[in-house]
Structures are given as structure tokens and as C-alpha cells.
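1. model this:
(one chain, ligands or ions: 1)
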Amino acid sequence: MTLYLTPAHDQAIRDHGSQSYPDECCGLLLGKALPGEDKQLMEVWPVANVWAEAENDLADGESARRRYLIPPQAILEGEQHARAQGLEIVGYYHSHPDHPARPSGFDQDFAWPWYSYLIVSVVKGASQELTSWVLDDEREFRAEPLRELPSG
Ligand SMILES: [Zn+2]
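-> This next block holds a predicted model:
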């Protein structure tokens, strides 16, 4: 299991994380499944973090500085956009403001199998480490290697 992406994808996720700081940013990863368990990222699809909005059923007292929520409507829109190009949703990304790029228990509890979960650490507004995670058969996150391809 490897997630292939270009330097432009990497930069787009970092930029979104910096722009959203000190809140978490979030978005969809559109791409295609490759043979084996590899995936190729083709497009970064930013989504507004609606964690702080009133109808959030998951609200647990944490602010959008520690949580993100992608509404179902945004997932549908991203999926339609992906399908129109022969792509699919291969994962999700979000930022960890002033925290390491390691998944929280909350991240793990709400993750779905197969998808890649990319996390970028943003410290004082500047992006740091970028990591990716996939659930294993025990529903524990395992680090997924990221490999950069040339842009274009
Ligand atoms: Zn997280």
C-alpha cells in the first residue's frame, strides 16, 4: 500500500492547512485505485470544515481547532466531480494545528476501511510533516508510504 501524489498535491494540502490555521482544514482525495493496494491521487478537493456548525451530531466540546467535519453533501459533490473524470474518492485529508501528523483516537474511530487518511501538521501556521494512514484488519491505523511523482 502506497499513495502516489505529485508535489503540486502535496503543496495544495499544505497551503490549505496553513490558510485554515488555527482551525483544522479538511478535504477529499480524488484518484484511482492501482493494482495491489496502491492508490494514485489525481486531484485535491478542499472542503469547508463545518465542525462548528449547529447541526453537528458528533459535537463533543472540542472546537474546529481539534476536529473537522465533512458534510455528506460535500462528499456527494466530490464524488460526482470524481466520477465525471473516471475517478473515485480514495481518501480524506485534514490538518493538525500545533499537533503532530499522527491520527487521534477520534480520527481512528470515524475512519472507514480502505481509504487513505492524510494528515498534515501545521505549527504556528507553517506546514510540517505530511503522513498517510490506512486501517488494518484490526481497525488500527497503519502508516501508508507516500511517494511523489513528477507533476503534469
Ligand atoms: Zn485528526
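
2. State the number of residues packed around residue 23.
-> Residue 23 has 20 neighbours, counted by other Cβ atoms under 10 Å. C-beta: built from backbone N, CA, C; applies to glycine.

3. just residue 144 next, same as before
-> Residues near residue 144, counting by other Cβ under 10 Å, number 19.

4. Backbone torsions only: list them for it.
-> Per-residue torsions, residue 144: phi -110, psi 130 (degrees, to the nearest 10).

5. Please name the nearest non-neighbouring residue to it.
-> Nearest residue to residue 144, sequence neighbours excluded (Cβ to Cβ, 6 or more residues apart in numbering): residue 132, at 4.1 Å.

6. can you pull the contacts of the one you found?
-> By Cβ atoms under 8 Å, 6 or more residues apart in numbering, residue 132 lies in contact with 3, 91, 116-119, 143-146.

7. In strands, which of those residues fall?
-> 3, 91, 116-119, 143-144, 146 (DSSP state E).

8. Just give me the closest of these to the ion.
-> Nearest to the ion out of these is residue 119 (Cβ to the ion; 6.0 Å).

9. surely the closest one meets residue 91?
-> No - assessed by Cβ atoms under 8 Å, residue 119 is found out of contact with residue 91, at 10.8 Å.
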